[in-house]
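>>> below is the sequence, then the predicted model.
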Amino acid sequence: METLMLPFSPRYIVLTICAVVTVLLLGIGVLDHNPKVWEVVLIPSLIFGALTLLGIRDLLQQNHAVLRNYPISAHLRFLLEEIRPEMRQYFFESEKDGMPFSRDTRAVIYQRAKMVLDKRPFGTQEDVYRDGYEWMHHSVAPKVRSGEQFRVTVGGPDCTKPYSASVFNISAMSFGALSPSAVRALNAGAKKGGFAHDTGEGGVSPYHRENGGDLIWEIGSGYFGCRNRDGSFNPKEFARVAADDQIKMVELKVSQGAKPGHGGVLPAAKVSEEISKIRGVAMGEDCISPATHRAFSTPLEMMAFIGEMRRLSGGKPAGFKLCIGHPWEFLAICKAMLQTGIYPDFIVVDGNEGGTGAAPLEFMDHLGMPMREGVNFVHNALIGINARDRIRIGAAGKIATAFDMARAMAIGADWCNSARGFMFSLGCIQSLSCHTDRCPTGVTTQDPTRARALVVPHKTERVYNYHRATLHALAELLAAAGLDHPQQVRSIHFSQRTSTTEVQSFARLYPSLRPGELIDGTSDLRFREAWAMARAETFSAAG
Ligand SMILES: Cc1cc2nc3c(=O)[nH]c(=O)nc-3n(C[C@H](O)[C@H](O)[C@H](O)COP(=O)(O)O)c2cc1C
Ligand code: SF4
């Protein structure tokens, strides 16, 4: 009896109704010989017939349990799942909600990119009494806002072509992850605003070159654009590409915050003729970025490689990018600097809050040091080996506003990079579908019909405006604090609420080492053990 009633249970009732209505409509059409009746019932019977067939397919398919139990009706669930981020964004999100970037942050980027009013009425929506709330100190004697362009010179004593970089630049994102039009607009914006555009590890494409904006050429473990057939590093090819005047600095990617220690694969099917040419990989084969580098395997070899990159590029600033993992590994790199006398000109520290096209959830959420701890760790380690003066530090990890920049600079950064901030300026709506090749705004897609949505001249202005307005906001913030240049920002200029009744200065939260303290022997618990475990000869810990 129970089985007989199943078609009328809530689970199957939609399918039953569709089937019954189809039969009834077809019956009426067949039995009534008036041709006008067919005209009326034909379309409804086709619709209900199609739904019935869909329901039967749902019952028989084996991939989705919910469809087997709720034929037809469960499609509504999939539809709602699909549009959930948009529904949340449009109808339910408050100003401070929304991840990874809040509605408020996205809005201020859009406003600055469009050069429309970016002010807010009626007072802060922040809860200034919550744990973790942070603020910058202003001065009773504010300065007049500096009209200076805020630049920082990158290049230590071994560099013969130092680069005067803006303090705000476009973080590494490859052509391949980004569409051709996105790369063009970013580079044209960088050219107009006099700031730098990091190529990402996917090689220097013609789209990077078209508009002549300053480039930081990044190479990763796949050595795209400077590799041999077997995937090893090709020094001749590196030197040929790096000689280009548009390339101002060369960067070795050791790791990336969103997926540190994780390689990448561009499947053979996606290796178009264009990508195969730009990356120097064969068509019809998977394009692999291994998790580890082949060009070096110890800290000493890594420093030698950095020195080689600088030499091959004709003396341009050479540095590396990483997200801090095991502290002793970075300290081993510091020991290798001391032992070889080879120092990078810059280090870019990415935080685990960083973005990417696609990464495993566990990697994104729980692997690697967050940006602030990472930047401060590197800053102090370099002070501790007396190398801070010759090495510049770049920071990346959810830096999108002038306050984000000032805060990162207070704890050790010399300049800041933004990836997703500039994506928003291109029109990204945080739909979180970068990994599907179905980007609705043409930013992260290789589908030309989607990429055409991004109109290059229009977005070039937005990229330029966002950079300019953010630096304008930074100048105002610094002036209010009585400062002239971001390099004057110190940890004593910031405070954090650590409980309802307690506030700590950043100077306490991020204490500084003394110059040479690591070499002399430190008792600082953040460094003492890790320093003892670090060896220039290996990335493995001693003991
Ligand atoms: C779409 C996309 C592609 C990226 N590709 C690279 C890359 O090729 N190399 C790299 O070092 N980092 C890459 N990143 C990481 C960014 O350069 C940056 O370090 C990170 O997203 C943090 O900055 P953000 O918070 O401003 O996005 C990528 C990020 C995004 C969003
Ligand atoms: S709009 Fe495009 S770039 Fe932005 S999150 Fe969505 S898919 Fe990614």
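Yep, that arrived. Residues are numbered from 1 along each chain as shown. Ligands and ions are numbered 1, 2, ... in the order given.

>>> tell me which stretches of the stretch 101-250 of the chain form helices.
Ranges of helices within the stretch 101-250 of the chain are 103-114, 180-193, 206-209, 235-242, based on DSSP state H, counting those that start in this stretch.

>>> helices or strands up against the second one?
For helix 180-193, the packing partners by 3 or more C-beta pairs under 8 Å, 6 or more residues apart in numbering; DSSP states H and E come out as strand 168-170, strand 197-198, helix 206-209, helix 420-425, helix 448-451, helix 456-480. Where C-beta positions appear, they are placed from N, C-alpha and C, glycine not excepted.

>>> can I get the ones you listed in CSV including mean neighbour count, mean pLDDT and distance to ligand 2?
Below are the helices and strands packed on helix 180-193 laid out as CSV (neighbours: other C-beta atoms under 10 Å; pLDDT from 0 to 100; distance: least, C-beta to the nearest ligand atom, whole Å):
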stretch, mean neighbour count, mean pLDDT, distance to ligand 2
strand 168-170, 26, 98, 14
strand 197-198, 28, 98, 17
helix 206-209, 20, 97, 16
helix 420-425, 27, 98, 5
helix 448-451, 14, 92, 9
helix 456-480, 20, 97, 12
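
>>> out of those, nearest to ligand 1?
Ligand 1 sits nearest to helix 420-425 of all those, at 3.6 Å, using C-beta to the nearest ligand atom.

>>> of all the helices of the stretch 101-250 of the chain, which one comes closest to residue 439?
Nearest of the helices of the stretch 101-250 of the chain to residue 439, taken as C-beta to C-beta: helix 180-193 at 9.0 Å.

>>> is ligand 2 contacted by that closest one?
No: under the criterion of C-beta under 6 Å from any ligand atom, helix 180-193 makes no contact with ligand 2; the nearest approach is 8.3 Å.

>>> can you list the domains in this protein?
Following automatic domain parsing, the chain resolves into domains at 2-74, 151-533.

>>> contacting residues for residue 30?
Listed by C-beta atoms under 8 Å, 6 or more residues apart in numbering, residue 30 has no contact partners.

>>> now swap in residue 37 and tell me
Residue 37 neighbours (C-beta under 8 Å, 6+ apart): 28, 29.

>>> winner for burial among the helices of the stretch 101-250 of the chain?
Highest mean neighbour count of the helices of the stretch 101-250 of the chain: helix 180-193, a mean of 25 (counted as mean count of other C-beta atoms under 10 Å).

>>> show me how far that helix is from its chain's centre.
Distance, stretch centre to chain centre, for helix 180-193: 17 Å (C-alpha atoms, centre = their mean, to the nearest Å).

>>> what's the angle from it to helix 103-114?
Interaxial angle, helix 180-193 versus helix 103-114 (axes from the mean of the first three to the mean of the last three C-alpha atoms, to 10 degrees): 70 degrees.

>>> got the residues of the stretch 301-450 of the chain near ligand 2?
423, 428-434, 439-441, 443-444.

>>> go with 8 Å
423-424, 426-434, 436, 438-445 (C-beta under 8 Å from any ligand atom).

>>> which of those are buried? Put it as a ChimeraX command.
To isolate the buried subset of these in ChimeraX, counting by 16 or more other C-beta atoms under 10 Å, use the following:
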select :423,424,426,427,428,429,430,431,434,439,441,442,443,444,445
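
>>> and residue 248, how far is that from residue 394?
Using C-beta to C-beta, to the nearest Å, residue 248 is found at 13 Å from residue 394.

>>> which one of the two has more residues nearby?
The neighbour comparison of residue 248 against residue 394 (other C-beta atoms under 10 Å) goes to residue 394, with 29 against 23.

>>> and that one, its phi and psi?
Note on residue 394: backbone dihedrals following degrees, to the nearest 10 are phi -100, psi 150.

>>> shift numbering so it begins at 51
Got it, the first residue is 51 from now on, which makes the last one we talked about residue 444.

>>> a markdown table please, covering the helices of the stretch 151-300 of the chain and showing distance to residue 352.
Listed next are the helices of the stretch 151-300 of the chain as a markdown table, based on distance: least, C-beta to C-beta, whole Å:
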| stretch | distance to residue 352 |
| --- | --- |
| helix 153-164 | 36 |
| helix 230-243 | 29 |
| helix 256-259 | 26 |
| helix 285-292 | 16 |
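
>>> which among these is found nearest to ligand 1?
Ligand 1 sits nearest to helix 230-243 of all the helices of the stretch 151-300 of the chain, at 9.2 Å, using C-beta to the nearest ligand atom.

>>> the closest one to helix 506-530, inter-axis angle?
50 degrees.

>>> is ligand 1 contacted by stretch 219-226?
Yes: residues of stretch 219-226 contacting ligand 1 under C-beta under 8 Å from any ligand atom: 221, 222, 223, 224.

>>> give me the below-cutoff pLDDT ranges for the stretch 51-200 of the chain.
Residues of the stretch 51-200 of the chain meeting the criterion pLDDT under 70: 51.

>>> ok, residue 551 to residue 399 distance?
Using C-beta to C-beta, residue 551 is found at 33 Å from residue 399.

>>> higher neighbour count, these two?
residue 399 (29 against 7).

>>> got phi/psi on the more buried one?
In terms of degrees, to the nearest 10, the main-chain angles of residue 399 are phi -100, psi 120.

>>> got a pLDDT number for it?
Residue 399 is assigned 98 on the pLDDT scale.

>>> also residue 320?
pLDDT at residue 320 comes out at 67.

>>> ends of stretch 187-199, how far apart?
In stretch 187-199, first residue to last residue: 23 Å (C-alpha to C-alpha, to the nearest Å).

>>> what lies in contact with it?
216, 244, 521, 525-526, 528-535, 542-545.

>>> any idea which of the domains of the chain is most buried?
Ranked by mean neighbour count, the domains of the chain are led by domain 201-583 with a mean of 20 (mean count of other C-beta under 10 Å).

>>> from the chain's centroid, how far away is stretch 329-342?
With C-alpha atoms, centre = their mean, you get 21 Å for stretch 329-342.

>>> same deal with stretch 266-285?
Using C-alpha atoms, centre = their mean, the offset of stretch 266-285 from its chain centre is 22 Å.

>>> which helix or which strand is home to residue 136?
For residue 136, the enclosing helix or strand under DSSP states H and E is helix 124-137.

>>> since that was my last question, I'll sign off now.
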